[in-house]
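In: I would like the atomic coordinates for the input below:
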Amino acid sequence: MTTLAEPTAFTPPTIRWHQRPYVRAIGGYLVIRVFSVALLALFTVRTGQPLIGRLTAWDGQFYLDIADYGYFGTTRGLYDAAGNYAPYTPLAFFPAYPTLLRVVSPITLGSTVLAGLLVSAVAGCLAAAAIFRLSQRIDGRARTGLLLVALWAGAPLAITQSMVFTEALFTAFAAWTLVGVVERRWLLAAACCVGAGLTRSTAAVLIAVVGVAAVIAFVRTRDRWTTMICAVLCPLGLLGWWVFVAVWTGSPTGWFDLEWDNWRTRFDGGREAAEFSWQKLASGSSVMETLTVFVVLGAAVLAVLLAKTLRPLSRWWPLAAYGAGIVVLVVGTAGLPTVKPRFLIPGFILLFPIARGLAARRPGTAVATTAAFVLLGCWFSAYSLTGWRYVI
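Out: This is a model prediction of the structure:
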C-alpha cells in the first residue's frame, strides 16, 4: 500500500511571505492577470461591450444577486442556461463566494462588483503562493514554481480568475489544502477543504484525496488526533450545503436536481464528452469547439504525465490523484461541454510536468515558451468572452 513519508522525514518550513520567491510568484501572477484583463479590454472596445459587463457575466450575475439580496430575496429574475428561472435556482451556487462579497463590500463602499473583483484578485494571489510552495516541496527549484504559477495564470480561460467567478477562490482553498496534506498540517488541510466544499462541487475530488490521505496517516503514523479530525471535518462543507439545499427543496437530491433541471448537468461517465469530441473532431464545424476538445484531451495526457513525473509517487500521490480526479470529473460530467476548459482551471497541478520540463531548459527557451503559452491562453480567454461567448 502506498503511504506518505514518515513524519520525521522533514520539518515543514515556516511560511515567510516576505521571502523573495513568494513575492516573485505573486508578482508574476498579477502581471499576467493584468495583461489578460488589458487584452480583454481591447477586445471589448472593438466589439462595443462594457468591460465590467464581461467580468461579471453569466455566473457572476448570480453571485452578485445572492450577495446583494440573499438566496431568497433575488429581484432581477436571473435565468439558467435554458432560459428558465425558479425560486430555488440560486441554491445551485455555493455560499462561500457570495458571502465573502457581502463581507468585503463595506471596503468597496458597498459595491459588490468591486468586492467580487477584489476577492478574486486576493484569492488568486493566495493560490499563486500555495502553488509555488507545492512546487518547491516537489522540485526544490524556484524556477519550476514560478513557471508553474505563470502557466496556471495564463491558461485557457484563466480570465475567470479575474472575474466574479469562483475559480480563484476554489483554487486557493484547494492548493492550500494540498499543502496541508503534503506537509502533514492536517488542521490546515481540514479547514481549507471545508472552505473548498462551500465554494463549489469540485471539492468532491479534494475531499476524496484528503480523506484517504488522512486515513492512511491515521493508520501509519502516531499523529492520530489531528488526522482523525481532518478525516471527519474535510467533507462537512460540501455535505453541509447539499443537506441545506435538500431541506429547502424538500428533496434528498435537491442540489443535483437543480443542476439537471437548470443546466442539464449530471455525471454520465464521459458519454456526452466522447460524443461531443467525436462530432467536433470529425466535422470541424467550429474552431473554438474543436479547441476545447484539444484542451480537454491535453489535460488527460498531462494527468498521465503527472503521475510519471511525481517521484516517489508514494509520497506525492495526493497531487497526482487530485489532478487525475479533476480530469475524470470534468470529462465525466455531462452538460455545457464547451465550458470544460474553465472547469479545468483548479487542476493547476496538471501543468507541473510542463513547468518542470521548461525549468530544465535554457532560461530564454523557458521564458519564450511560457510567454507564447500565456499569450495564446489570454487570447483564448478574451475571445471567449467577446467573440465566442459560449465557452464560459
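In: tell me the contacts of the nearest residue to Gly197 once chain neighbours are set aside?
Out: Distance criterion Cβ to Cβ, 6 or more residues apart in numbering; nearest residue to Gly197, sequence neighbours excluded, is Gly237 at 2.7 Å. Where you see a C-beta, it was placed from the backbone N, CA and C, and this is true even at glycine. Contact partners of Gly237, counting by Cβ atoms under 8 Å, 6 or more residues apart in numbering, are 96, 193-199, 203.
In: try it again at 10 Å.
Out: 94-96, 173, 190-199, 203, 206-207 (Cβ atoms under 10 Å, 6 or more residues apart in numbering).
In: likewise Arg20?
Out: Per Cβ under 10 Å, 6+ apart, neighbours of Arg20: 27, 142.
In: same question, Leu310
Out: 138-139, 316-320, 323, 349, 352-353, 356.
In: with Ala123 instead?
Out: So Ala123 contacts 97, 100, 161, 166-173, 199 (Cβ under 10 Å, 6+ apart).
In: returning to that earlier point: mind putting the contacts of Leu310 into TSV with pLDDT, secondary structure and distance to Gly116?
Out: Output for these, formatted as TSV (pLDDT from 0 to 100; DSSP: H, G, I helix; E, B strand; the rest coil; distance: Cβ to Cβ, whole Å):
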residue	pLDDT	secondary structure	distance to Gly116
Ile138	94	helix	33
Asp139	90	helix	34
Trp316	95	helix	34
Trp317	96	helix	36
Pro318	96	helix	31
Leu319	97	helix	30
Ala320	97	helix	33
Gly323	97	helix	28
Ile349	97	helix	26
Phe352	97	helix	29
Pro353	97	helix	33
Arg356	96	helix	34
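In: quick one, which of those residues are buried?
Out: 138-139, 316-320, 323, 349, 352-353, 356 (16 or more other Cβ atoms under 10 Å).
In: the host helix or strand of Thr44: how far from the chain's middle?
Out: Taking DSSP states H and E as the definition, one finds Thr44 inside helix 20-47. The chain centroid and the centroid of helix 20-47 are separated by 18 Å under Cα atoms, centre = their mean, to the nearest Å.
In: show me which residues of that helix are buried.
Out: Neighbour count says helix 20-47 has 21-22, 25-26, 28-30, 32-33, 36-37, 39-40, 43-44 buried, by 16+ other Cβ under 10 Å.
In: mean confidence for that helix?
Out: Helix 20-47 shows a mean pLDDT of 95.
In: elements contacting the next helix or strand after it?
Out: Next helix or strand after helix 20-47 toward the C-terminus (DSSP H and E): helix 51-55. Here helix 51-55 touches helix 20-47, helix 59-69, helix 112-139, going by 3 or more Cβ pairs under 10 Å, 6 or more residues apart in numbering; DSSP states H and E.
In: chain center to helix 51-55: distance?
Out: On Cα atoms, centre = their mean, the centre of helix 51-55 falls 20 Å from the chain's centre.
In: Thr253 contacts Asp261, doesn't it?
Out: No - between Thr253 and Asp261 no contact is recorded; they are 11.1 Å apart, counting by Cβ atoms under 10 Å.
In: and the two? Which one has more around it.
Out: Asp261 (16 against 13; other Cβ atoms under 10 Å).
In: give me phi/psi at Leu344?
Out: phi -80, psi -10 (degrees, to the nearest 10).
In: what sits against it?
Out: Contacts of Leu344 by Cβ under 10 Å, 6+ apart are 155-157, 167, 295-296, 298-299, 302, 323, 326-327, 329-331, 350-351.
In: ok, now with 8 Å
Out: Counting by Cβ under 8 Å, 6+ apart, Leu344 has contacts 155, 295-296, 299, 326-327, 330, 350.
In: equivalent analysis for Leu100, please.
Out: With Cβ under 8 Å, 6+ apart, Leu100 has these contacts: 115, 119, 169.
In: re earlier: okay, the helices and strands packed on helix 51-55 in JSON lines with distance to Gly284 next?
Out: As requested, those are exported to JSON lines (distance: least, Cβ to Cβ, whole Å):
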{"stretch": "helix 20-47", "distance to Gly284": "24"}
{"stretch": "helix 59-69", "distance to Gly284": "30"}
{"stretch": "helix 112-139", "distance to Gly284": "35"}
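In: nearest to Leu375, out of these?
Out: Closest approach to Leu375 among these (Cβ to Cβ): helix 20-47, 8.7 Å.
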